[in-house]
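**Student:** below are the sequence and a predicted model; questions follow.
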Amino acid sequence: MRALVTGASGFVGWHLCEHLVAAGDQVVGLSASGRWPEARAGLSRSVRLEAVDLADVAEEVLADLIRRKRPEAIYHLAAQSNPSRSVDDPRGTWALNLGGTLNLLEAVKAAGVEPRPRVILVGSGVCYGNPAPEHIPVREDCPLRPNNPYAASKGAADLLGIQHALGHGADVVIVRPFNHAGPGQSPSYVLAALALQVAEVEAGRKARVEVGNLDVVRDFTDVRDVARGYRLLAQRGRAGEVYNLGSGRGTKIADAADLLASMARVPVEVHVDPARVRPVDQPLLVADSSKLREATGWEPEFPIERTLADMLDHFRGGLSA
């Protein structure tokens with residue numbers, strides 16, 4: 001399969017590119033920087049990376065690229081993906097998350113390629129906001145109640161995708177992944193922050209692990225399972241449909257911290273830092289992914305214990321380098 005991946009140099013992007021290459025796909029990546037992270041420089045041998053800023057690209061330039069590459073599947077991952085950062089920069093978040101999606105979908109339409117490429121539009125489970133108890137686990141028909149600019153912009157981009165599917169016959173499949181994690185994730189996300197700090201305590205660089213709200217429950221899926229789910233949707237999803245992607249298992253942050261502490265090579269103290277408690281923290285968010293499972297046969301293969309162990313090993317390697 002010929003694949004185009006936007007946001008290819010990001011955390012999920014390069015995991016997806018690695019998965020697609022391993023599956024035998026021909027992959028072209030788009031990235032605002034046009035550069036792979038140093039740790040993934042080897043991907044340049046198998047994935048051509050083009051410098052394209054989706055928030056600021058001419059429609060004809062992008063349409064011409066689509067005509068030349070003729071992708072069968074376009075995985076749209078490019079986004080400002082940090083909810084906390086979106087509060088500080090709402091305009092930049094909307095410009096990329098909604099504006100970039102509009103630029104891509106209009107370019108696909110203008111390219112006029114037949115057969116039309118399938119667009120896997122990556123949304124987010126956080127667009128459901130703080131669901132009422134009767135909506136847990138969260139199905140795709142749960143009302144959208146976003147409580148930060150990231151969540152709102154992703155929900156709006158989903159509606160744009162549905163509009164293009166219904167109004168223009170675009171082959172758009174929307175996927176809403178819930179929280180995901182894995183080796184290489186930025187420590188601006190909670191599990192990566194915990195794993196890095198445990199590695200720093202082991203290395204004698206920190207006295208203890210600092211955390212925010214330990215009572216929050218999230219549905220964490222390994223990024224490698226997420227990447228596999230995206231490709232399965234490219235093969236078996238239905239145009240115009242929305243699919244939740246999550247393990248279906250809720251993990252309390254306190255339990256994740258305890259698991260990481262139990263893997264540590266030295267005793268680890270965990271301390272709650274009020275400054276790390278976000279102003280808007282959803283207490284419970286767990287996915288119902290039965291629609292995805294029925295459509296594709298997807299099942300998560302990486303338990304949370306394996307994900308945390310691999311993340312901890314990743315940070316150990318970085319600190320010893």
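**Tutor:** Yep, that arrived.

**Student:** touching, His135 and Cys142? I think so.
**Tutor:** Yes. Using C-beta atoms under 8 Å, His135 is in contact with Cys142, at 4.5 Å. Placement of C-beta: from N, CA and C, glycine included.

**Student:** between those two, what contacts are shared?
**Tutor:** Common contact partners of His135 and Cys142 (C-beta atoms under 8 Å, 6 or more residues apart in numbering): Tyr128.

**Student:** more neighbours, the two?
**Tutor:** Cys142 (21 against 15; other C-beta atoms under 10 Å).

**Student:** from Leu233, how far off is the more buried one?
**Tutor:** Relative to Leu233, Cys142 is positioned 19 Å away (C-beta to C-beta, to the nearest Å).

**Student:** what does Arg70 give?
**Tutor:** From Arg70 to Leu233 the distance is 20 Å (C-beta to C-beta).

**Student:** what segments of the protein are helices?
**Tutor:** 11-22, 59-69, 83-88, 90-94, 100-111, 149-168, 190-202, 223-236, 253-263, 290-296, 304-320 (DSSP state H).

**Student:** TSV please, covering these and showing mean pLDDT, distance to Gly212 and mean neighbour count.
**Tutor:** Formatted as TSV, these follow (pLDDT from 0 to 100; distance: least, C-beta to C-beta, whole Å; neighbours: other C-beta atoms under 10 Å):
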stretch	mean pLDDT	distance to Gly212	mean neighbour count
helix 11-22	98	20	22
helix 59-69	97	39	16
helix 83-88	93	10	16
helix 90-94	98	21	17
helix 100-111	98	29	22
helix 149-168	98	17	20
helix 190-202	97	7	23
helix 223-236	98	22	22
helix 253-263	97	8	18
helix 290-296	98	30	18
helix 304-320	95	17	18
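
**Student:** format those helices as JSON lines; extra columns: distance to Pro131.
**Tutor:** Formatted as JSON lines, those follow (distance: least, C-beta to C-beta, whole Å):
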{"stretch": "helix 11-22", "distance to Pro131": "24"}
{"stretch": "helix 59-69", "distance to Pro131": "36"}
{"stretch": "helix 83-88", "distance to Pro131": "16"}
{"stretch": "helix 90-94", "distance to Pro131": "22"}
{"stretch": "helix 100-111", "distance to Pro131": "24"}
{"stretch": "helix 149-168", "distance to Pro131": "12"}
{"stretch": "helix 190-202", "distance to Pro131": "19"}
{"stretch": "helix 223-236", "distance to Pro131": "21"}
{"stretch": "helix 253-263", "distance to Pro131": "18"}
{"stretch": "helix 290-296", "distance to Pro131": "16"}
{"stretch": "helix 304-320", "distance to Pro131": "21"}
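
**Student:** closest one to Val47 among those?
**Tutor:** helix 11-22 (5.0 Å; C-beta to C-beta).

**Student:** chain center to that closest one: distance?
**Tutor:** 12 Å (C-alpha atoms, centre = their mean, to the nearest Å).

**Student:** burial count for Ala23?
**Tutor:** 13.

**Student:** whoops, Gly99 was the one
**Tutor:** Using other C-beta under 10 Å: Gly99 sits among 17 other residues.

**Student:** identify the residues contacting the most centrally placed residue in the chain.
**Tutor:** Centroid check for the chain by C-alpha atoms, centre = their mean gives Val12 as the closest residue, at 5.5 Å. Taking C-beta under 8 Å, 6+ apart as the criterion, Val12 is in contact with 77, 122, 180, 223, 226-227.
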